[in-house]
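Asker: I would like the atomic coordinates for the input below:
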Amino acid sequence: MNTTILKQLVDSKLRSTADDLTLAYVTKGAFKTLLAAKPYPDLDAFEGEMGFIQEVISQALLVDQVADWFDAVNQHTGVFCYEVAEPFGESYATALLLRTTTVDPKAVLRQTMIDAQYAIEEVDRAIEHACGQREYLFHVTGLDKEFWQKGLSQRDARAQLWNALTDEQRNRVAEIVCIDERSAGRASGELAPNH
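Answerer: Sure, this is the predicted structure:
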C-alpha cells in the first residue's frame, strides 16, 4: 500500500485516548516488574507507586497509535495486548527503574515490537507517524507566557519545555500548568521558549 494513502487511512482512525485493554496490559506488565524486583524498588522519584504506574501508562496512547498503523493494514503478528502492550509495560517499567538518563519510550516500544516479530521498517514508520501527534499548551507562571510543546505525553512535553528553558528562565518559573492539548500539525504559537 502506498505510504501516503496508508498515512491518510491511519490518520482517519488514529486514537486520541488509549484503549482500556492496552492500559490494563501495560499496567499488568509494569506490576510484573515491580513484583519481580527484590527488594521492592524505591519509587520516591515518581512520588510513589501510583506516580510510577502513571508514568508507565502515560505511554499507552503511543502504544495504541502505533497499533493503529498495523490495524490499518491488518498486519498484527499476534494478539496485540499479549505480544506488545504487556511486554512494553514490563520493559518500560524496568527501564525507568534502571535509568541513569531519560528513557525513550519509542525505543522501548520499537524493541518490544521487533521481539514480537513485527517488520522493523513498518515499526519505524508506525512510530514515526505516531510521534508528535499531540501538542500541549503550558502556562508558565513566573514567565507569564504560554507555550505549545509537542510530546508523547503531557509529562514528556513538560520535560522538553523545561529542558528548553535557560537557567535564568528556570529560576523565574513558579509553576508550569498544562491548560490545553490538541493533535499536532495545526498552526501553533510559540513552540519553545528559546525561539
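Asker: where are the low-confidence patches of this structure?
Answerer: 1-14, 100-101, 132-133, 152-153, 183-195 (pLDDT under 70).
Asker: in this structure residue 77 contacts residue 118, no?
Answerer: Yes - Residue 77 lies in contact with residue 118 (Cβ atoms under 8 Å); the separation is 5.7 Å. For glycine as for every other residue, the C-beta is placed from the backbone atoms N, C-alpha and C.
Asker: more neighbours: these two, which one.
Answerer: More crowded of residue 77 and residue 118, by other Cβ atoms under 10 Å: residue 118, with 22 against 13.
Asker: show me the domain layout of the protein.
Answerer: The chain is divided into the following domains under automatic domain parsing: 3-130, 134-183.
Asker: tell me the helices in the protein, going along the chain?
Answerer: Ranges of helices in the chain, per DSSP state H, are 3-13, 20-36, 49-57, 60-73, 80, 86-98, 105-115, 120-130, 154-164, 167-172.
Asker: out of those, flag the one nearest residue 179.
Answerer: Smallest distance to residue 179 across the helices of the chain (Cβ to Cβ): 10.8 Å, for helix 154-164.
Asker: with just CA atoms, put the closest one into CSV.
Answerer: The C-alpha trace of helix 154-164 is given here as CSV (Å, rounded to 0.1, in the frame of the first residue of the first chain):
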residue,chain,number,x,y,z
GLN,A,154,1.9,15.6,28.8
ARG,A,155,4.8,14.7,31.1
ASP,A,156,7.2,14.3,28.2
ALA,A,157,6.2,17.7,26.7
ARG,A,158,6.6,19.4,30.1
ALA,A,159,10.1,17.9,30.4
GLN,A,160,11.0,19.0,26.9
LEU,A,161,9.7,22.5,27.7
TRP,A,162,11.7,22.6,31.0
ASN,A,163,14.9,21.4,29.2
ALA,A,164,14.5,24.2,26.6
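Asker: from now on call the first residue 45
Answerer: Yes, from this point I'll number from 45; that puts the last item at helix 198-208.
Asker: give the other helices and strands that it contacts.
Answerer: Helices and strands touching helix 198-208, by 3 or more Cβ pairs under 8 Å, 6 or more residues apart in numbering; DSSP states H and E, are strand 178-185, strand 189-195, strand 219-227.
Asker: identify the residues contacting residue 198.
Answerer: Residue 198 makes contact with 102, 180, 222, 225 under the criterion Cβ atoms under 8 Å, 6 or more residues apart in numbering.
Asker: who does the third one bridge with?
Answerer: Assessed by DSSP bridges, residue 222 has beta-bridge partners residue 182.
Asker: what about it, neighbour count?
Answerer: 15.
Asker: for it, list the residues it contacts.
Answerer: Contacts of residue 222 by Cβ under 8 Å, 6+ apart are 180-182, 198, 201-202.
Asker: perfect, that will be all.
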